[in-house]
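Q: I would like to see how this sequence folds:
(one chain, ligands or ions: 2)
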Amino acid sequence: MVRITSRKNVRILLLGDRGVGKTSLILSLVSEEFPEDVPPKAEEITIPADVTPEMVPTHIVDYSAVEQSDDQLLEEIRRAHVICLVYSVEDERTLMRITTHWLPLLRDAIPHSRCPIILVGNKEDLIEESTVDAAQDIMEEYPEIESFVECSAKSLKNISEMFYYAQKAVLHPTAPIYISEKQM
Ligand code: GTP
Ligand code: MG
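A: Ligands and ions are numbered 1, 2, ... in the order given. Here you go, the predicted structure:
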């Protein structure tokens, strides 16, 4: 089957608390090895169409609270086609902040949003028990979350999968991603 899509590129933004591994995830994807020393923010990266699974040029954008203002954060949120919302599976506070801070912020920033979100539990190499149950509860409450993946920038587990899910969420969206209560 040939799918027709109007998107000529995909812009993926990584968000999440400090230290969850956003920059490491991007650099691990690009270099296929875990970077020991990471800058606060990775440069914007463009993956050429022919090396992406969906054959669409893909921009990957990092966020750093130390380098960017709240206005710059909002600007990047509005430019993004899909957001990877990252927490660390070994730091429960970063998981709690997904629902207390990040998801409400995204709903405010992009009302009636059709911007899909991929929920990403990073540092999977550090734990034995999955955080999938907690993630499922969050996904029930926030239908704008398109999919969930546990991964590790360190062991490289599920890194390319995470970016593939993000691409797929933009290029092959499922039915309404998020309809606010007011609209219903
Ligand atoms: P900010 O730029 O401050 O917002 O943080 P960040 O989200 O970009 O995190 P960063 O990539 O700087 O990683 C923070 C720390 O976690 C670093 O010491 C990384 O080496 C470490 N780290 C990142 N990913 C993993 C992982 O998958 N496993 C383990 N064990 N450590 C990781
Ligand atoms: Mg960083």
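
Q: for stretch 18-26, which positions count as buried?
A: Residues 20-26 are the ones in stretch 18-26 that count as buried (16 or more other Cβ atoms under 10 Å). The C-beta positions use only the backbone N, C-alpha and C, and glycine is treated the same way.

Q: check stretch 105-120 too.
A: Quick answer for stretch 105-120 (16+ other Cβ under 10 Å): 106, 109-110, 113, 115-120.

Q: narrow the residues you listed to those in strands?
A: 117-120 (DSSP state E).

Q: which among the residues you listed gets closest to ligand 1?
A: Among these, Val120 lies closest to ligand 1 (Cβ to the nearest ligand atom), at 10.5 Å.

Q: could you list the low-pLDDT ranges of this structure?
A: For the chain, applying pLDDT under 70 flags the ranges 1-6, 112-113, 175-184.

Q: which residues of it lie near ligand 2?
A: Residues of the chain found near ligand 2 (Cβ under 5 Å from the ion) are 22-23, 40, 64.

Q: just flag the most distant two among those.
A: Distance extremes for the residues of the chain next to ligand 2: the farthest pair is Lys22 and Pro40 at 9.7 Å, using Cβ to Cβ.

Q: which residue is it, in this protein, that comes closest to ligand 2?
A: Nearest residue of the chain to ligand 2: Thr23, at 3.2 Å (Cβ to the ion).

Q: for that residue, which non-adjacent residue is spatially closest?
A: Val38 (4.6 Å; Cβ to Cβ, 6 or more residues apart in numbering).

Q: from Tyr87, how far off is the one you found?
A: Distance from Val38 to Tyr87, counting by Cβ to Cβ, to the nearest Å: 17 Å.

Q: the more surrounded of these two?
A: Tyr87 (27 against 18; other Cβ atoms under 10 Å).

Q: which residues sit in contact with the residue nearest the centre of the chain?
A: Closest to where the C-alpha atoms of the chain average out (Cα atoms, centre = their mean) is Cys84, at 0.6 Å. Going by Cβ atoms under 8 Å, 6 or more residues apart in numbering, Cys84 touches 12-15, 25, 117-118, 120, 162, 166.

Q: who's in contact with Arg79?
A: Contacts of Arg79 (Cβ under 8 Å, 6+ apart): 11, 13, 61.

Q: how about the helices of the chain, start to end?
A: 22-31, 70-79, 92-97, 103-109, 132-141, 159-171 (DSSP state H).

Q: get me the contact residues on the chain for ligand 1.
A: Counting by Cβ under 6 Å from any ligand atom, the chain comes close to ligand 1 at 16, 18-24, 38, 40, 64-65, 122-123, 125-126, 152-154.

Q: mind doing that once more with 8 Å?
A: 14, 16-25, 27-28, 34-36, 38, 40-42, 62-66, 86, 88, 90, 122-126, 151-155 (Cβ under 8 Å from any ligand atom).
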